[in-house]
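Undergrad: A structural model of the following input is requested.
(chains A and B)
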2 protein chains.
Amino acid sequence: MDIGTVAVVGGTGRQGSGLARRFARAGADVIVGSRDPARAAAAIASWSAPTSSVRAASYAGAIGSAPIIVLAVPFDSVADLLARHASFQAGAVVVDVAVPVVFGEGGPALAPLREGSSAEHVKARVPAHVRVAGAFKTVPAHLLDQIDRPLDCDEFVCGDSSEAREAAQALVRLVQGLRPVDVGPLARARSIEHLTLLAIAINRRHRIHDARYRIAGLS
Amino acid sequence: MDIGTVAVVGGTGRQGSGLARRFARAGADVIVGSRDPARAAAAIASWSAPTSSVRAASYAGAIGSAPIIVLAVPFDSVADLLARHASFQAGAVVVDVAVPVVFGEGGPALAPLREGSSAEHVKARVPAHVRVAGAFKTVPAHLLDQIDRPLDCDEFVCGDSSEAREAAQALVRLVQGLRPVDVGPLARARSIEHLTLLAIAINRRHRIHDARYRIAGLS
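TA: Below you'll find the predicted structure:
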């Protein structure tokens, strides 16, 4: 699948800018959606990687201008963002990358969500014609951000339509060394989010920073 | 940690017999606990691996005779088993290996459990002096059962005491090629169970049989 233009909404955070720069390096046209496009443009200008194919836009401008939109804003901002901006292209694919982790007495935990998972939380808040996928939930943000470092792990993709899963897998393949693993329906997102939670627990317990997953047995 | 004697309750199933034979091969004395010890003894006699350090016992005999007990009976049998047999050695460690998967319209899912996870379900049903760990939840049973095949993946261990986690990790180390990864408190068991669920989903979707996990970034 050829990725023409991809929007990264919240593309100036560590996860978003890592994705945006890696997508651009792989040849995609990237629109970085920001609440403050001027600030985003300045951030893009400061990036070391080639940025000629990256441009800044408002949230609305990014969402309305790309067939694939990665939502890289914090989980807590997603509902408000989607309530304000719903002008997606027909049949657009929205990729949810969030993992709603809360830190309580027992350590990190997943926030309980009425819809079951972050991806389903997004699905419940976009127009019916928009397709939703989950991806980029388990790869550590600071590794994504080190864009000269090829990755060496798997990334899990879920979605309720094959088009959404294909689009998300194509995005994953743009990131050097990252292998997409299709895990099926969108409801599998909660299991993926548990993988992230477990990786955080492993990081804390073993004083490391970048636990990530590889599936053995899958060629 | 030196493993002297380990009981595998339900040690004639695929998962149980794989574990029992691998533990025995690594030098442990193994008690296979069965509802029908004569049938278990016959099964053990049929095993190809050296079985001189393996003996059959009743459920009660196995549970009362070992400081470490692996519960390898089906999840649905655990509550009844523990209600009938509570004579553990002082400070015994019980290792829960179950993942309660149900198959519904949306495909495989984890059974919702009042206690949160299979491991906590066990914890709620053993005497207070007994310590509980979760382990061997993600390695495919049929790979365990191929005892001449070294494994190449990680196995996640959780528990509320360091003694329980240490004991479970020591068991994991008895299995050639299996690396224990300590993930902390017993409540992390549900996340481990989600890993198993996701592996099942990956198996079904990709028509493979032995998806399993390796953690990258952990030396």
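Undergrad: okay, CA-based contacts and neighbour counts for the rest of this
TA: Will do.
Undergrad: now the strands for chain A?
TA: Per DSSP state E, chain A carries strands over the ranges A:5-9, A:29-34, A:54-58, A:68-71, A:93-96, A:101-104, A:107-110, A:131-134, A:153-159, A:178-184, A:212-216.
Undergrad: list the contacts of the first one.
TA: With contact meaning C-alpha atoms under 8 Å, 6 or more residues apart in numbering or on different chains, strand A:5-9 is reached by A:16, A:19-20, A:28-34, A:59, A:62-63, A:65-73.
Undergrad: which parts of the longest helix along chain A are buried?
TA: If each helix of chain A is counted by residues according to DSSP state H, the longest one is helix A:189-206. Neighbour-count burial for helix A:189-206, counted by 16 or more other C-alpha atoms under 10 Å in any protein chain shown, picks out A:189-204, A:206.
Undergrad: now swap in stretch A:12-29 and tell me
TA: By neighbour count with 16+ other C-alpha under 10 Å, stretch A:12-29 contains the buried residues A:12-25, A:28-29.
Undergrad: send the alpha carbons of that stretch over as PDB?
TA: What follows is stretch A:12-29, C-alpha atoms only, in PDB (Å, rounded to 0.1, in the frame of the first residue of the first chain):
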ATOM      1  CA  THR A  12       5.200  17.900  18.100                       C
ATOM      2  CA  GLY A  13       5.200  15.500  21.100                       C
ATOM      3  CA  ARG A  14       7.900  12.900  21.400                       C
ATOM      4  CA  GLN A  15       5.800  10.100  19.900                       C
ATOM      5  CA  GLY A  16       4.300  12.300  17.300                       C
ATOM      6  CA  SER A  17       7.500  13.900  16.100                       C
ATOM      7  CA  GLY A  18       9.200  10.600  16.000                       C
ATOM      8  CA  LEU A  19       6.500   9.200  13.800                       C
ATOM      9  CA  ALA A  20       6.300  12.300  11.600                       C
ATOM     10  CA  ARG A  21      10.000  12.400  11.000                       C
ATOM     11  CA  ARG A  22      10.200   8.600  10.300                       C
ATOM     12  CA  PHE A  23       7.300   8.800   7.900                       C
ATOM     13  CA  ALA A  24       8.800  11.700   6.100                       C
ATOM     14  CA  ARG A  25      12.100  10.000   5.800                       C
ATOM     15  CA  ALA A  26      10.400   7.000   4.200                       C
ATOM     16  CA  GLY A  27       8.900   9.300   1.600                       C
ATOM     17  CA  ALA A  28       5.500  10.200   2.900                       C
ATOM     18  CA  ASP A  29       4.100  13.700   2.800                       C
END
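Undergrad: what about that stretch, distance to the chain center?
TA: In terms of C-alpha atoms, centre = their mean, to the nearest Å, the centre of stretch A:12-29 is found 10 Å from the chain centre.
Undergrad: contacting residues around it?
TA: A:3-6, A:8-11, A:30, A:32, A:34, A:40, A:43, A:49-51, A:53-54, A:72-73, A:141-142, A:144-147, A:171, A:174-175.
Undergrad: how close does A:Gly33 get to B:Ser118?
TA: 43 Å (C-alpha to C-alpha, to the nearest Å).
Undergrad: A:Ala79 now?
TA: A:Ala79 is 33 Å from B:Ser118, by C-alpha to C-alpha.
Undergrad: one more: A:Ala20?
TA: Distance of A:Ala20 to B:Ser118, given as C-alpha to C-alpha: 41 Å.
Undergrad: enumerate the residues of chain A near chain B.
TA: Applying C-alpha under 8 Å from any C-alpha of the partner chain, we find that chain A lies next to chain B at A:152-153, A:181-184, A:188, A:191-192, A:194-195, A:197-198, A:201-202, A:205-206, A:208-218.
Undergrad: and the pLDDT for the residue most central in space within chain A?
TA: Nearest to the geometric centre of chain A sits A:Val97, at 3.4 Å (C-alpha atoms, centre = their mean). Here the pLDDT value assigned to A:Val97 is 98.
Undergrad: who touches it in this structure?
TA: By C-alpha under 8 Å, 6+ apart, the contact set of A:Val97 is A:Val70, A:Leu71, A:Ala72, A:Ala119, A:Gly134, A:Ala135, A:Phe136, A:Lys137.
Undergrad: wouldn't the fifth one be in contact with A:Val93 here?
TA: What that stands for is A:Gly134. No: assessed by C-alpha atoms under 8 Å, A:Gly134 is found out of contact with A:Val93, at 10.3 Å.
Undergrad: okay, the two: which has more neighbours?
TA: More crowded of A:Gly134 and A:Val93, by other C-alpha atoms under 10 Å in any protein chain shown: A:Gly134, with 36 against 27.
Undergrad: alright, that wraps it up for me.
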